[in-house]
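K.L.:
sequence-free structure coming up:
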Ligand SMILES: C[C@H](O)[C@H](O)[C@H]1CNC2=NC(N)=NC(=O)C2=N1
């Protein structure tokens, strides 16, 4: 899937290990989303964002939260004055599912332009 296809897609209910993507598929999808990296154990996808100030950081975090609630798929976020470290994994599959790449692409799209 291309980045544009990921952005246009929506999360699907995915439960069970059969929905976990293998390392090779994760690496292929990872090449579509700028700056995102796979964790060493291959079970999550992460990226760090930096901002000018708290106002901008929280604007981003709230936009991500809105998108995540609409998609019913939620990131782990570590937030400080001018940064947000974000991690996606699918608890219901015990690793990375396509939902994580869909959301990673949608997060980048929030910042594009
Ligand atoms: C019932 C509901 O769809 C599930 O609990 C969703 C909610 N958000 C979720 N978010 C993430 N990151 N992984 C999940 O498995 C997950 N499951």
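P.N.:
Cool, the structure landed. Note that the structure is a prediction, hence the values are computed from the model and not measured.
K.L.:
got the buried residues for the lengthiest helix in the chain?
P.N.:
Counting residues, the longest helix found in the chain (DSSP state H) is helix 54-71. Residues of helix 54-71 classed as buried: 57, 60-61, 64, 67-68, 71 (neighbour count, 16 or more other Cβ atoms under 10 Å). Backbone N, C-alpha and C define where each C-beta goes, glycine included.
K.L.:
Kindly report the same for stretch 81-95.
P.N.:
Buried residues in stretch 81-95 (16+ other Cβ under 10 Å): 84, 86, 88-90, 92-93, 95.
K.L.:
you'd agree residue 54 is up against residue 81?
P.N.:
Yes: the criterion here is Cβ atoms under 8 Å, and residue 54 meets it with residue 81 at 5.1 Å.
K.L.:
Redo the buried residues of stretch 81-95 as CSV? Include pLDDT.
P.N.:
CSV is the format used below for the buried residues of stretch 81-95 (pLDDT from 0 to 100):
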residue, pLDDT
84, 98
86, 98
88, 98
89, 98
90, 98
92, 95
93, 97
95, 97
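K.L.:
now the end-to-end length of stretch 80-93.
P.N.:
29 Å (Cα to Cα, to the nearest Å).
K.L.:
residues in contact with that stretch?
P.N.:
Stretch 80-93 is contacted by residues 14-20, 39, 43-54, 56-57, 60-61, 64, 73, 75-79, 95-97, 99-100, 103-104, 107 when judged by Cβ atoms under 8 Å, 6 or more residues apart in numbering.
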